[in-house]
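In: okay, sequence plus prediction incoming.
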Amino acid sequence: MNSIVLFKNNLRINDNPALYYAAKHSEKILPVYIYDNINIKKILGSASRYWLYNALNSLKKSLDGNLCLYNGDSSKILKETVKKYSISSIFCEQPFLKNDIALFEKLKRELLQCGVKVNVFNCTLLWDPKLVLKKDNTPYKVFTPYYRRGCLEKIAPDLPLGKPNKLNFLKINNDTDIKDLNLLSKFNWYDKMDNLWKISEDSATQIFDSFLDSSIYHYKQGRDFPASNYTSKLSPYIRFGMISVNRMWYELNKLDLDRNIAHYKSEIGWREFSYYLLYHFSFMETDNLQTKFDDFVWQNSTEKFNAWKKGETGYPIVDAAMRELWQTGYMHNRMRMVTASFLVKNLLIDWRLGESWFWDCLFDADYASNIAGWQWTAGTGADAAPYFRIFNPILQGEKFDNEGKYTLKYVPELKNIPLKYLQKPWEYSIMLDYASPIVNLKDSRENALFQYSLIK
Ligand SMILES: Cc1cc2nc3c(=O)[nH]c(=O)nc-3n(C[C@H](O)[C@H](O)[C@H](O)COP(=O)(O)OP(=O)(O)OC[C@H]3O[C@@H](n4cnc5c(N)ncnc54)[C@H](O)[C@@H]3O)c2cc1C
């Protein structure tokens, strides 16, 4: 029996249930990746396409060159391929997002009609969203009870499977090269990223192992300080399934549980919660989870939005974070909250615009975590920071970048300013070559609260 292993968001060999069971139950396997821009809800952002390009290169190497690539409609491609190579089974990952589920169901019907068996495995999440429900069988909307009562106390995540013992490949002629998927934009912005990120499954494992060696023991306190190295920076690897969260979970369980490890596990839990929310409340992909915000009047100034995107708002911590995003394809979690709050609350710009900018620029741009993160910060989501909690960028900068290292790394034009003025350079007596604040914090805060009072 020959099988296709269909890769999508889990581009790894180790603990990949679809690959593992395909190798176990098939004579020969044909690993396939289809870049399907036709049946997709949202085209991948530029940063994600660069990451995908490299992740596919790495996966192809790990499969001794046997990854068959296709560009186009998955339905048409799969039907042709199963016929041409007498494939009797497909092994693939379980989808959790609405559009992916609809596409999967359609493919499954079509493949069954061709006499092909479809085997599906949860390769992405620790907890299948449909299995985690409250006593009254409705979904949770608050993180802590979801995580503690719904997940931790009830369901042990699947044990990791390791790597398949042996892979016997079905050799076919597939002349599509990774370059033919047109993932890289013509304008080469990405060369410098090659020095910042090592994109392979092995690198993901190395980063995780070295994080477990030391940084994790500072995680709970250290994770809030963007200049420190106390978060794992594994998010793009996790997004593309280059490391399995189940494997991470059980590696973490081997350590003596302290508050740092518990906290790190709960952050992985937030990723699960994001998928959970989108699974049960798929309308939040585009609409406010809290529908009262549908009447909120956004001001959406193009000029202010552009200043925010370029890191020219005149608020150094916001500008540093937006430039970090542009220069590295990553932004620290606290900075994501600060910049998102500034956009939505001080500039009164719709969270969906911010979400789409992050979607384009983040290497870890994740359909579920990005939407849930934006709705959480905007106050429109589940268990959200209340709308009236407005991050003050001056205080955030002074508290979480107290030595100014992060700010100065990305806003070097402020290097000669005394530290006490760093987060409010307009108070310094000497003129600087730096943007003036595009809004007044106090006025914009009051305006935001007034707009909120209208929908309350
Ligand atoms: C507005 C906004 C947008 C965001 N967009 C994304 C996104 O597109 N993709 C993404 O992976 N994360 C997103 N996050 C969550 C979080 O900021 C990143 O996961 C985290 O900064 C990644 O850095 P790290 O790997 O060092 O995290 P660590 O602190 O080392 O955490 C380990 C892992 O846990 C997961 N995680 C941690 N925090 C969160 C969280 N709050 N929500 C969901 N998962 C979490 C990630 O997979 C992360 O890699 C967003 C948060 C906000 C506020």
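Out: It's in. Bear in mind that the values here come from a model prediction, so they are computed numbers and not experimental data. Residues are numbered from 1 along each chain as shown.
In: going by C-alpha atoms from here, please, whenever you check contacts or count neighbours.
Out: Will do.
In: pLDDT below threshold where in the protein?
Out: By pLDDT under 70, the chain contains no weakly predicted segment.
In: tell me who's in contact with the residue positioned nearest the centre of it.
Out: The centroid of the chain falls nearest to residue 366 when counting by C-alpha atoms, centre = their mean (3.0 Å). Listed by C-alpha atoms under 8 Å, 6 or more residues apart in numbering, the contact partners of residue 366 are 239, 359.
In: swap in 7 Å and give it another go.
Out: Residue 366 makes contact with residue 239, according to C-alpha atoms under 7 Å, 6 or more residues apart in numbering.
In: do residue 74 as well
Out: Taking C-alpha under 7 Å, 6+ apart as the contact definition, residue 74 lies against 34, 36.
In: kindly recompute the last result at 6 Å.
Out: Counting by C-alpha atoms under 6 Å, 6 or more residues apart in numbering, residue 74 makes contact with residue 36.
In: returning to that earlier point: against the ligand, how distant is the residue nearest to the centre of the chain?
Out: Counting by C-alpha to the nearest ligand atom, to the nearest Å, the gap from residue 366 to the ligand is 4 Å.
In: and residue 84, how many neighbours?
Out: The burial metric for residue 84, expressed as a neighbour count using other C-alpha atoms under 10 Å, is 9.
In: and it, its phi and psi?
Out: Backbone geometry at residue 84, expressed as degrees, to the nearest 10, gives phi -60, psi -40.
In: just give me the longest strand of the chain.
Out: strand 28-35 (DSSP state E).
In: for residue 326, see how far away the closest residue to the ligand within the stretch 1-150 of the chain is.
Out: Distances between the stretch 1-150 of the chain and the ligand by C-alpha to the nearest ligand atom are smallest at residue 48, namely 10.0 Å. Distance from residue 48 to residue 326, counting by C-alpha to C-alpha, to the nearest Å: 13 Å.
In: more neighbours: those two, which one.
Out: residue 48 (25 against 19).
In: I figured that one hits residue 363, correct?
Out: Yes: if you go by C-alpha atoms under 6 Å, residue 48 and residue 363 touch, sitting 5.1 Å apart.
In: need the residues of this structure near the ligand, please.
Out: Counting by C-alpha under 6 Å from any ligand atom, the residues of the chain close to the ligand are 231-235, 238, 267-268, 270-271, 332-333, 336-337, 340, 364-366, 369-370, 373-374, 377.
In: apply 5 Å and report the result again.
Out: Listed as neighbours of the ligand in the chain under the rule C-alpha under 5 Å from any ligand atom: 231-235, 267-268, 270-271, 332-333, 336-337, 364-366, 369-370, 373-374.
In: ok, of the residues you listed, which come out buried?
Out: When burial is judged by neighbour count using 16 or more other C-alpha atoms under 10 Å, the buried members of these are 231-235, 268, 270-271, 332-333, 336-337, 364-366, 369-370, 373-374.
In: from the residues you listed, which ones fall inside helices?
Out: Applying DSSP state H to those, the entries found in helices are 235, 268, 270-271, 333, 336-337, 369-370, 373-374.
In: of the residues you listed, just say which sits nearest to residue 101.
Out: Nearest to residue 101, judged by C-alpha to C-alpha, of those is residue 369 at 17.6 Å.
In: is the closest one in contact with residue 276, as I believe?
Out: No: in this structure, residue 369 sits apart from residue 276 without contact. The criterion is C-alpha under 6 Å, and the distance is 10.2 Å.
In: now do the shared contacts for these two.
Out: In terms of C-alpha under 6 Å, 6+ apart, residue 369 and residue 276 are not both contacted by any residue.
In: just the strands in the protein please.
Out: Remark: strands assigned in the chain by DSSP E are 2-7, 28-35, 68-71, 89-93, 117-121.
In: dump those strands to a markdown table, plus mean neighbour count.
Out: Supplementary listing: the strands of the chain in a markdown table, determined by neighbours: other C-alpha atoms under 10 Å:
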| stretch | mean neighbour count |
| --- | --- |
| strand 2-7 | 24 |
| strand 28-35 | 21 |
| strand 68-71 | 20 |
| strand 89-93 | 24 |
| strand 117-121 | 16 |
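In: in CSV: these, plus distance to residue 211.
Out: Below are the strands of the chain laid out as CSV (distance: least, C-alpha to C-alpha, whole Å):
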stretch, distance to residue 211
strand 2-7, 27
strand 28-35, 30
strand 68-71, 33
strand 89-93, 28
strand 117-121, 28
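In: picking that back up, got the contact list for the longest strand of the chain?
Out: Strand 28-35 is contacted from outside by 2-7, 67-71, 168-170, using C-alpha under 6 Å, 6+ apart.
In: mind running it again at 7 Å?
Out: Surrounding strand 28-35, the residues in contact under the criterion C-alpha under 7 Å, 6+ apart are 1-8, 22-23, 66-72, 74, 168-170, 181.
In: same check, this time on stretch 196-206
Out: By C-alpha under 7 Å, 6+ apart, the list of residues contacting stretch 196-206 from outside reads 12, 54-55, 58, 234, 237, 242-243.
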